[in-house]
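# With the sequence up front, the predicted model follows.
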Amino acid sequence: MNGTESAAEIVTAVKTGATTVRAVVELALSRIRQHDGRLGAFTDLVAQRAQRTADAVDAGPKGPLAGVPFAVKNLFDVEGLVTRAGSKINRDNAPATRDATLVTRLEAAGAILVGALNMGEYAYDFTGENAHDGASRNPHNLDHMSGGSSGGSGSAVAAGLVPLALGSDTNGSIRVPSSLCGLFGLKPTYGRLSRAHSFPFVASLDHLGPLARTTRDLALSYDAMQGFDEADPGLTKRPLEPTESRLKHPIPTGRIAVADGYFKGEGVASAAVAHVAAALGVSRSISLPDVPAARAAAYLITMVEGASLHLDRLRTRPQDFDPDVRDRLLAGAMLPGVWVQRAQKLRRVYRDAVVKLFDEVDVILAPSTPMQAPRLGQKTAMFNGIELPVRPNMGVFTQPISFIGLPVVSVPVWLEGESLPIGVQVIAAPWREDIALRVAYQLEEMGAVRAPVAKEFANG
């Protein structure tokens, strides 16, 4: 083993006795120490905890994720660590006294937590640049962005430091780094996975989920994290619905469509969707209604709920915020309440209209991002011929989907002649993560999408 194996490969090696969990973990810790100085993916290592947990898994029964090292965005509570949520201000808080629910569930399945990951301040970011901890860099080109706000998650997995990481997605913060770093990322249905014991951003839009280098690893981790949790009031009580065992069941081509209109995109974004559609034999298109209004409404709700959460901090410690984050939050604090009320009304109407489209299709394809990874420090880019700020606009295609809580797998496309990847969203109806994962698996098995470890980090 060289430390860049998938989660499923590690589980097989552990269960067959080809290696020990302790050996896997020591290799992961060694690779993190060797490479992370250039990447900026990790903010904390929990080496002693990881070693203790590894020894316990070696000595006991082997679960479905036995021996898999994983790391979490630093807004997840990790016992003994301060939950910094990418901020300077939170560092004055006491360390967490328990783990986030999803951390507990992954470890119950045999996975090993090795550390916490860099992120945009308070999750209000699409770049992966942090004013306090520095940028998490794109492993495929260290001069480019990893994406945000789960930038450290994308960087760590794409560099092969861990096969699995957890992130959060309010407006696209799993799907954007998955796209820019060339990974598979799952944003589940709103209310499907517990957010208990994680630092929020916008409670009515927040999702938690995994990033990985294979669809199977996504499914294995998603299955392990399912289950009701009274500690998250936004969670829906549903039975366990395993997905890994159903990956090989294909979805008929006639039940897949490409989102047109607003989602048409340009350049590599459009080419990536065309590539995926061609691989699946899809020629059908479908229109989502009122998408610009839906994105504007998502924007408003994000600004106001985010500002409300941070109002006391804005009053007492404005100088300790990243100025870009602070200014957006202050703007949200000044928006009229009636605008938010109208945005929520539109949200219900838009959701009903989009969900009805799934009477006709099982899957809708759309770009994950409007472009490949911009360069670090780049402030503006061309979006459909208009120069706009990068930070708020990388989520132009993801916001209208998370706004109504649909499950999505972002799949990584490497177009011929391109040196950076770009993602395509595989969008399914509420609670049908299995369908999105099955289409992603089909594409992966065809070779149409792939998530290689970045070349610079692939050999030890």
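On my side now, so go ahead.

# ok, the residue nearest the centre of the chain to Gly154 distance?
Closest to where the C-alpha atoms of the chain average out (Cα atoms, centre = their mean) is Ile174, at 1.8 Å. Distance, Ile174 to Gly154, by Cβ to Cβ, to the nearest Å: 9 Å. (Each C-beta comes from the backbone N, C-alpha and C, glycine too.)

# intersection of neighbour lists for those two?
With contacts taken as Cβ atoms under 8 Å, 6 or more residues apart in numbering, Ile174 and Gly154 have Gly167, Leu211 as neighbours in common.

# and Gly332, how many neighbours?
24 (other Cβ atoms under 10 Å).

# can you tell me how far Ala203 sits from Pro407?
Counting by Cβ to Cβ, the gap from Ala203 to Pro407 is 19 Å.

# Pro139 now?
Relative to Pro407, and taking Cβ to Cβ, Pro139 is found at 27 Å.

# What of Asn74?
25 Å.

# Compare the two (neighbour count), which wins?
Neighbours per residue, other Cβ under 10 Å: of Asn74 and Pro407, the larger number sits with Asn74, 29 against 26.

# quick one: that one and Thr43 touch, right?
Yes - counting by Cβ atoms under 8 Å, Asn74 does reach Thr43; the two are 5.3 Å apart.

# Now for those two: what residues contact both?
Joint contacts of Asn74 and Thr43 (Cβ under 8 Å, 6+ apart) are Arg84, Ala116, Leu117, Asn118, Gly152.

# From the residues you listed, list just the buried residues.
Arg84, Ala116, Leu117, Asn118, Gly152 (16 or more other Cβ atoms under 10 Å).

# what are the ranges of the strands in the stretch 1-150 of the chain?
Secondary structure of the stretch 1-150 of the chain (DSSP state E, counting those that start in this stretch): strands at 42-45, 69-73, 112-117.

# So what are the sheet partners of the last one and their directions?
It refers to strand 112-117. Strand pairing for strand 112-117, using DSSP bridges, gives strand 42-45 (antiparallel), strand 69-73 (parallel).

# ranking the ones you listed by burial, who's on top?
Of those, the one with the most neighbours on average (mean count of other Cβ atoms under 10 Å) is strand 69-73, at a mean of 31.

# ok so, going back, for the shared contacts of Asn74 and Thr43, give me a markdown table that also has pLDDT.
Formatted as a markdown table, these follow (pLDDT from 0 to 100):
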| residue | pLDDT |
| --- | --- |
| Arg84 | 98 |
| Ala116 | 99 |
| Leu117 | 99 |
| Asn118 | 99 |
| Gly152 | 98 |
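
# Now tabulate these in JSON lines and tack on distance to Leu388.
Converted to JSON lines, the shared contacts of Asn74 and Thr43 look like this (distance: Cβ to Cβ, whole Å):
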{"residue": "Arg84", "distance to Leu388": "30"}
{"residue": "Ala116", "distance to Leu388": "32"}
{"residue": "Leu117", "distance to Leu388": "28"}
{"residue": "Asn118", "distance to Leu388": "25"}
{"residue": "Gly152", "distance to Leu388": "25"}
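
# which among those residues gets closest to Gly306?
Arg84 (17.0 Å; Cβ to Cβ).

# out of everything not next to it in sequence, what's closest to the closest one?
Asn90 (4.7 Å; Cβ to Cβ, 6 or more residues apart in numbering).

# and that neighbour, what does it touch?
Neighbours of Asn90 in contact, by Cβ under 8 Å, 6+ apart: Val82, Thr83, Arg84, Phe199.

# With Ala165 instead?
Ala165 sits in contact with 70-73, 117, 150, 152-154, 156-157, 210-212, where contact means Cβ under 8 Å, 6+ apart.

# any idea how far it lies from Gly151?
To Gly151, Ala165 is 11 Å away according to Cβ to Cβ.

# Please, where are all the helices along the chain?
Counting by DSSP state H, residue ranges of the helices within the chain are 7-15, 21-39, 47-59, 101-108, 151-158, 175-181, 215-225, 267-280, 291-316, 323-333, 337-357, 390-393, 399-402, 433-446.

# Mean confidence (pLDDT) on stretch 63-82, please.
Averaged over stretch 63-82, pLDDT sits at 98.

# CA atoms only: put that stretch into PDB for me.
What follows is stretch 63-82, C-alpha atoms only, in PDB (Å, rounded to 0.1, in the frame of the first residue of the first chain):
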ATOM      1  CA  GLY A  63     -17.100  -2.800  10.300                       C
ATOM      2  CA  PRO A  64     -17.900  -1.600   6.800                       C
ATOM      3  CA  LEU A  65     -15.300   1.200   7.000                       C
ATOM      4  CA  ALA A  66     -12.700  -0.700   8.900                       C
ATOM      5  CA  GLY A  67      -9.400   1.100   8.900                       C
ATOM      6  CA  VAL A  68     -10.400   4.000   6.600                       C
ATOM      7  CA  PRO A  69      -8.700   7.300   7.600                       C
ATOM      8  CA  PHE A  70     -10.900  10.300   7.300                       C
ATOM      9  CA  ALA A  71     -10.900  14.000   8.200                       C
ATOM     10  CA  VAL A  72     -13.600  16.700   8.700                       C
ATOM     11  CA  LYS A  73     -14.100  20.300   7.900                       C
ATOM     12  CA  ASN A  74     -13.200  22.200  11.100                       C
ATOM     13  CA  LEU A  75     -16.900  23.200  11.700                       C
ATOM     14  CA  PHE A  76     -17.500  19.600  13.000                       C
ATOM     15  CA  ASP A  77     -17.100  19.200  16.700                       C
ATOM     16  CA  VAL A  78     -14.100  17.000  17.500                       C
ATOM     17  CA  GLU A  79     -13.700  16.200  21.200                       C
ATOM     18  CA  GLY A  80     -10.700  18.100  22.600                       C
ATOM     19  CA  LEU A  81     -10.400  20.500  19.700                       C
ATOM     20  CA  VAL A  82     -11.800  24.000  19.400                       C
END
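
# Can you list the buried residues in it?
Those buried within stretch 63-82 under the rule 16+ other Cβ under 10 Å are 63-79, 81-82.

# Distance from that stretch to the middle of the chain?
15 Å (Cα atoms, centre = their mean, to the nearest Å).

# Pro400 contacts Ala298, doesn't it?
Yes - using Cβ under 8 Å, Pro400 is in contact with Ala298, at 6.8 Å.
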